[in-house]
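A.B. asks: Structure here, sequence nowhere to be found:
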Ligand code: CMC
């Protein structure tokens, strides 16, 4: 008897020392450190170092690493020309996927500097295309600013407030890694053939694009916009579920309780939207959450990372189509860390499919069929 594990549920493909998820208690740890502490006290630079190299950096290590991240923000001129040549209505995840592939044509290494260069250049690609589609000139990265601060600076052309930079910094930390999800597995499948790192990351971006994975943040915000009024939230949830549709940003294969990332993002969303034009969106989200928990918590379905992240990104000035690219800009760190760990004891991924068709059919020439 062959047991088929659809969706590879509960199948382990490697041991890891990178990320631990406690799906029952709703806890997440990077290299043993709680995501709650990292979101509160750390930075994109420090947490990405932790994920890539396994320990929290010393002052000198952090300075060296951060300097490299700053230095590598600039993208090649021909990639900038390419971005400017594109139609302005493309899916930004397609643009990011193709841009990473473009960079991969120009260089193919997988040395530590290449890895930092990819992490550093992704926000530049996203911010450039965002501004191009807004009919604006791209803003060159600044070597003076931190990772999240510079990202928002390139988006808006002016320095963000401390609160805005902090909000993005925390949101990126929360998205950085999540053990063996679909996009990480896709990246590992490619890397396991000993293809190059860029190709592995292109696969990761391609998998993350789907609405069941990284595309759910956009879908969740669309729901909030569709509802329009907090008083209509409960009715909307009931009708949506009755129609057999899912509540986007709810449910998770591993978490059977509230996703810890959603907890932190909810607080960030509340703070960043307070007394702004986005406050109503936050109220709608909160009311949808209450109504959906009433109906779905019995099945262990609660908000996931994508429920509140879209509101945060939107309030920071990103257009909804770009949300999955922000997820990718952080998750690229996890993909690289997980690929590096897998390659230490590489074995090509080669599962099996159980054949259910016929065998030995006689071949008929085309005019006899
Ligand atoms: N709304 C309503 N019902 C749901 C939802 C939801 N969001 N998620 C799962 N269910 C129900 C589903 O209908 C099924 O019910 P039943 O047993 O009565 O048929 C049951 O829960 C199990 O669903 P499943 O699809 O077998 O669960 P899964 O573990 O395969 O799916 C999921 C996980 C994330 C794909 C799913 O919860 C979902 O589609 N959520 C909405 C999309 C979303 O928010 N995705 C982001 C995931 S977190 C970030 C990331 O990893 O990228």
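C.D. replies: Here it is on my side, so go on. Remember, it's a predicted structure, so these values are computed and weren't measured experimentally. Numbering: from 1, shown residues only.
A.B. asks: what are the ranges of the helices in the stretch 251-369 of the chain?
C.D. replies: Assigned by DSSP state H, counting those that start in this stretch, the stretch 251-369 of the chain shows helices spanning 260-273, 279-296, 305-315, 323-344.
A.B. asks: how about the shortest one, does it get close to the ligand?
C.D. replies: Yes - for helix 305-315, a contact with the ligand is found by CB under 6 Å from any ligand atom, at 305-306. (Glycine included, C-beta is placed from N, CA and C.)
A.B. asks: burial of the closest residue to the ligand within the stretch 1-150 of the chain, as a residue count?
C.D. replies: Closest to the ligand within the stretch 1-150 of the chain is residue 7: 6.0 Å, counting by CB to the nearest ligand atom. Other residues near residue 7 number 8, with proximity taken as other CB atoms under 10 Å.
A.B. asks: pLDDT wise, what is the nearest residue to it once chain neighbours are set aside at?
C.D. replies: Excluding its sequence neighbours, the residue lying closest to residue 7 (CB to CB, 6 or more residues apart in numbering) is residue 253, at 7.7 Å. You'll see residue 253 listed with a pLDDT of 88.
A.B. asks: starting at the chain centroid, how far to the strand or helix carrying residue 46?
C.D. replies: Per DSSP states H and E: residue 46 is located in helix 44-53. Centroid separation for helix 44-53 versus its chain: 16 Å, with CA atoms, centre = their mean, to the nearest Å.
A.B. asks: With stretch 249-259 instead?
C.D. replies: Distance of stretch 249-259 from the chain centroid (CA atoms, centre = their mean) equals 16 Å.
A.B. asks: cool, stretch 94-106 as well?
C.D. replies: Relative to the centre of its chain, stretch 94-106 is centred 17 Å away, using CA atoms, centre = their mean.
A.B. asks: For it, buried residues please.
C.D. replies: For stretch 94-106, a neighbour-count test (16 or more other CB atoms under 10 Å) marks 95-100, 102-104 as buried.
A.B. asks: coming back round to it: can you put the helices of the stretch 251-369 of the chain in JSON lines and add mean pLDDT and mean neighbour count?
C.D. replies: Shown next, in JSON lines, are the helices of the stretch 251-369 of the chain (pLDDT from 0 to 100; neighbours: other CB atoms under 10 Å):
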{"stretch": "helix 260-273", "mean pLDDT": "98", "mean neighbour count": "22"}
{"stretch": "helix 279-296", "mean pLDDT": "97", "mean neighbour count": "19"}
{"stretch": "helix 305-315", "mean pLDDT": "96", "mean neighbour count": "28"}
{"stretch": "helix 323-344", "mean pLDDT": "97", "mean neighbour count": "24"}
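A.B. asks: check contacts around residue 269.
C.D. replies: Residues near residue 269 by CB atoms under 8 Å, 6 or more residues apart in numbering: 282, 285, 308, 311-312, 315.
A.B. asks: scratch that, residue 153 is what I was asking about
C.D. replies: Residue 153 neighbours (CB under 8 Å, 6+ apart): 139, 141-142, 145, 159-160.
A.B. asks: hmm, which two among those residues are most spread apart?
C.D. replies: Farthest pair in the contacts of residue 153 (CB to CB) is 141 and 160. Separation: 13.8 Å.
A.B. asks: Please work out which residues outside the host helix or strand of residue 164 touch it.
C.D. replies: Assigning secondary structure by DSSP H and E places residue 164 in helix 162-175. For helix 162-175, contacts defined as CB under 8 Å, 6+ apart pick out 35, 38-39, 42-44, 47, 146-149, 151-152, 160, 261, 264-265, 268, 271-272, 305, 309, 312-313, 315-316, 326-327, 329-331.
A.B. asks: Likewise for stretch 283-291?
C.D. replies: Outside of stretch 283-291, the residues that reach it under the criterion CB under 8 Å, 6+ apart are 220, 223-224, 227-231, 233-234, 236-238, 247, 266, 269, 303, 307-308, 311.
A.B. asks: ok, now stretch 103-113?
C.D. replies: The contact list for stretch 103-113, computed with CB under 8 Å, 6+ apart, reads 68, 72, 75-76, 78-79, 114, 118, 121, 196-199, 201-202.
A.B. asks: Measure how far it is from the centre of its chain, please.
C.D. replies: Counting by CA atoms, centre = their mean, stretch 103-113 is centred 21 Å from the centre of its parent chain.
A.B. asks: Now do the end-to-end distance for that stretch.
C.D. replies: For stretch 103-113, the first and last residues are 14 Å from each other (CA to CA, to the nearest Å).
A.B. asks: State the mean pLDDT of it.
C.D. replies: For stretch 103-113, the mean per-residue pLDDT is 81.
A.B. asks: Please state the offset of stretch 171-184 from the chain centre?
C.D. replies: Chain-centre distance of stretch 171-184: 6 Å, with CA atoms, centre = their mean.
A.B. asks: what's in contact with the host helix or strand of residue 222?
C.D. replies: When elements are assigned from DSSP H and E, residue 222 belongs to helix 216-227. By CB under 8 Å, 6+ apart, the residues outside helix 216-227 that reach it are 211, 233, 236, 240, 247-249, 281, 284-285, 288, 304-307, 309-311, 313-314, 320-321, 323-324, 327.
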